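In: Take a look and give me a structure for this.
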Amino acid sequence: MIFSSVILTNAGIQRGHGWISPRLCLNILWSGIVLVAFLMTTSPAYSDENTTAMRLIAPETGAYTGAYVDFGDGEDNVTLEAIENFEKMVGKHQAVIACGAFWGEQHFPKRNVKIITRYGAIPLLFWSPWDKPYAESKPPDQFGLNHILNGKWDAYIDQWAQDARTWGKPLLVAWGLEMNGTWFPWSGIFYGGGEKISAGNSTVYKGPDTFKKAYRYVVDRVRAKGATNIQWIFHVNHTTLPKEKWNEFAAYYPGPEYVDWLGMSVYGMMNKWQGWAPFYEAFYHAYEEICLIDPIKPVIVAEWGVGEFPAKGNKGEWLTTALNIMKTQSPRVKAAVYWHERWQNEDETYSNLRISSSPESIAAYRQGISDAYWIDRPIFAPVP
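Out: Predicted coordinates for the structure are as follows:
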């Protein structure tokens, strides 16, 4: 909004070379106050708190499109400019914007959720029990699962939950993602792995069981503080490592009462030492496995992407195929969040998953998500 400059005096308002009477001046000011008050009560962009908890609904037809937009080492340097630039680049508004919310920050990311919500997307928070410097392939740190279960971080969890409840608007939260790998300190392999523990007639493995207990513990505490605006995502990696029975998706599942969406990461080739894998090969077995966990819960591909390695494979074709398979062969997929990032590896090579890594890549992605099947804004309904 652009306003002409005015000068307020005791005699009225001087505008240009003319004068407005004091009475008319007051009428103008009063009208302005009424207009601002109306906007503040009718537009979500002007309200930091909601009185009615809302939740994202899974669309009957189509799926939400979303992205993580290279928000820095902590995955939390969210800016409206970055989000809007991504939208302009791909030619479509995003329904979901993902970012990090690591425990090492020790606060609820209100600034980031405000930016994302005012943009018009639902925030997807990766609320990872991870300490700085956020290095992968390290053993458990001060936020280890046993510390959580022993109550060491109750005050932090409770405050985070209270802040989320006060925020009030819908949130997607993935806690302890990709626990079936070896690269994060909450992974089952660090907590006994496949060691069997006594559980009646069923087989229970210590690593996954510890994770499940911690997941439930955190969710229970958050819900106890009234944060009903949060929907919880059970988020696995498409490939388990190690590939053993105890490390299957179902072993980690905390139960349907603790999960709103089934989530997974699906990546193609990301490093030069890897081989090129077609999207179907990376995705479909994992999709079938996660759907077996629960017969009705919606699936979100919470991370997906592939690097630019023209000597190994065609990224543009990979993206086209991925979007087509998720649309035509995966009816449970109701959201897909692309991982738009470029980073330097320890060997000084680069992994470039950005959509803009080549003209062919961006053209393929723009064409794919231009389909009306890919929904560009979140749809909400009141929490039951």
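In: Could you list the low-pLDDT ranges of the stretch 1-150 of the chain?
Out: Along the stretch 1-150 of the chain, segments meeting pLDDT under 70 span 1-51.
In: Look up which residues are beta-bridged to the residue nearest the centre of the chain.
Out: The residue lying closest to the centre of the chain (C-alpha atoms, centre = their mean) is Leu124, at 2.3 Å. For Leu124, the beta-bridge partners are Ala98, Leu172 (DSSP bridges).
In: so Thr117 makes contact with Gly168?
Out: No. With contact defined as C-beta atoms under 8 Å, Thr117 does not count as touching Gly168 (10.2 Å). Every C-beta, even on glycine, is put in place using the N, C-alpha and C of the backbone.
In: what about those two, which has more around it?
Out: Thr117 (21 against 18; other C-beta atoms under 10 Å).
In: can you pull out the strands in the stretch 1-150 of the chain?
Out: Along the stretch 1-150 of the chain, counting by DSSP state E, counting those that start in this stretch, strands occupy 7-9, 12-15, 18-20, 54-56, 63-69, 96-100, 122-127.
In: actually the stretch 151-300 of the chain, not the one I wrote
Out: If DSSP E, counting those that start in this stretch is used as the criterion, the strands of the stretch 151-300 of the chain fall at 171-175, 196-197, 204-205, 230-237, 261-267, 299-305.
In: out of those, deepest packed?
Out: Burial of those is given as mean neighbour count (mean count of other C-beta atoms under 10 Å); strand 299-305 ranks first at a mean of 26.
In: Between strand 261-267 and it, find me the angle.
Out: Going by axes from the mean of the first three to the mean of the last three C-alpha atoms, to 10 degrees, strand 299-305 is angled at 20 degrees with respect to strand 261-267.
In: Near the closest residue to Ala164 other than its chain neighbours, how many other residues are there?
Out: Leaving aside its sequence neighbours, Ala164 sits nearest to Ala227 (C-beta to C-beta, 6 or more residues apart in numbering; 4.4 Å). Using other C-beta under 10 Å, Ala227 has 23 other residues around it.
In: which outside residues touch stretch 101-120?
Out: Contacts to stretch 101-120, defined as C-beta atoms under 8 Å, 6 or more residues apart in numbering, come from residues 44-45, 48, 74-76, 78-80, 83-84, 93-94, 97, 99, 122-123, 125-132, 134, 143, 153, 156, 159-160, 163-164, 167, 169, 171, 173, 377-378.
In: any idea how far Gly120 lies from Thr79?
Out: Noted for Gly120: a distance of 15 Å to Thr79, by C-beta to C-beta, to the nearest Å.
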